[in-house]
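K.L.:
Any chance you can model this:
(one chain, ligands or ions: 2)
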Amino acid sequence: MSRILCTGIATLDIINQVDHYPAEDEELRALAQAVRRGGNAANTACVLGQFGHQVDLLTTLGDDSAGETIRQDLQAHGVATERIVTLRAGRTPTSYITLNRANGSRTIVHYRDLPELQADDFPISDVARYDWFHFEGRNIDQMEIVLRRLNRQRIDQPVSVEIEKSRPGIERLYRYPDILLFSHAFAAEQGYTCADALFDALRQQGVSAILVCSWGEQGAFACDPRDQRHHSPAFVPAQVIDTLGAGDTFNAGLIQALLDGRPLEAALGAACELAGRKVGQSGFTNLL
Ligand code: ADP
Ligand code: FRU
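P.N.:
Residues are numbered from 1 along each chain as shown. Ligands and ions are numbered 1, 2, ... in the order given. Next up, the predicted model:
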């Protein structure tokens, strides 16, 4: 069992399952609806909790019923909520998701007006209590302050940063962590057609971290500090049911396998296997 601090966002996901993706201005009836906790850091924390780790989530929530629903859900998944910062100046983030039952695709509309974490919210004086720090790459100015402080303060605990979306200045974060976890959506936004091209560019820029990039049905790719490349195919379930949070689950699987002492290539395979199980079921519970 390890102590892990996950920092990032928690959302209330309002998920409508439909039998096809609607055209603009179409009206259709959902087959089912679910309202549940979401958010990359929160999802990753809940999956890590299933491995028996002691996980703390550091995020902001509004002082509202959505915030309370999320808090209760996290606790039910064994994730500690004491670090959560509750704010009156905005509402708990919500995401409106159309989940297409025909192929498992998820289309997301976000609403955000809640302020994000400030660097001083990070429990820098408690750093020694943790075995791993995982961050969602967002809120760049404040996060850079945290990562700089953490690198001065930490003993030898690994730091991972997820780079999921292009955000102004996000590349400033590349120099701090041991592991960078890229999404294929980010790679594509940057104009790369494969993970190796992204890795080549990052190495040319002098980025020395372990690089990982998940790529949907193509599985996932990694590049170790000596520039050795690895690939794991995806583990495709009999039916793809729900791809929402596949990347968050993959990240949890990778952290778990590395904490377990597995080499990068094996960790990549374990993460794909876990993510494959996730896309074959609805939600995140009972993944193991
Ligand atoms: P994100 O959720 O960030 O878009 P990906 O689509 O890259 O992330 O998915 C993360 C991981 O989940 C992939 O590396 C793969 O292992 C698994 N995965 C995603 N989609 C599928 C799929 N259709 N079938 C099997 N595995 C999948
Ligand atoms: C899935 C997810 C959802 C949430 C959105 C936030 O990766 O975390 O649960 O609505 O992404 O960006």
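K.L.:
Which of the helices or strands spans Asn151?
P.N.:
In the assignment (DSSP states H and E), Asn151 maps to helix 140-153.
K.L.:
typo on my end, Leu211
P.N.:
strand 210-214.
K.L.:
Now for the closest residue to ligand 2 within the stretch 151-288 of the chain: which residues touch it?
P.N.:
In the stretch 151-288 of the chain, the residue that lies nearest ligand 2 is Gly245 (4.3 Å; C-beta to the nearest ligand atom). To be clear about C-beta, it is placed using only N, CA and C from the backbone, and glycine gets the same treatment. Listed by C-beta atoms under 8 Å, 6 or more residues apart in numbering, the contact set of Gly245 reads 38, 40, 43, 278, 284.
K.L.:
before we move on, back to that, how about the strand holding Leu211 and ligand 2, any contact?
P.N.:
No: applying C-beta under 6 Å from any ligand atom, one finds strand 210-214 separated from ligand 2 by no less than 11.3 Å.
K.L.:
And the helices in the stretch 1-150 of the chain?
P.N.:
Applying DSSP state H, counting those that start in this stretch to the stretch 1-150 of the chain gives helices spanning 40-50, 65-76, 140-153.
K.L.:
go on, the stretch 151-288 of the chain?
P.N.:
Assigned by DSSP H, counting those that start in this stretch, the stretch 151-288 of the chain shows helices spanning 184-189, 195-204, 246-259, 264-279.
K.L.:
ranking these by burial, who's on top?
P.N.:
Neighbour counts (mean count of other C-beta atoms under 10 Å) averaged over each of the helices of the stretch 151-288 of the chain peak at helix 246-259, with a mean of 26.
K.L.:
can you put the contacts of Gly245 in CSV and add pLDDT?
P.N.:
Shown next, in CSV, are the contacts of Gly245 (pLDDT from 0 to 100):
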residue, pLDDT
Gly38, 97
Asn40, 97
Asn43, 98
Lys278, 97
Phe284, 93
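K.L.:
Closest one of the residues you listed to ligand 1?
P.N.:
Comparing these against ligand 1 with C-beta to the nearest ligand atom picks out Lys278 as the nearest, at 7.0 Å.
K.L.:
any low-confidence regions in the stretch 1-150 of the chain?
P.N.:
Scanning the stretch 1-150 of the chain for pLDDT under 70 picks out nothing.
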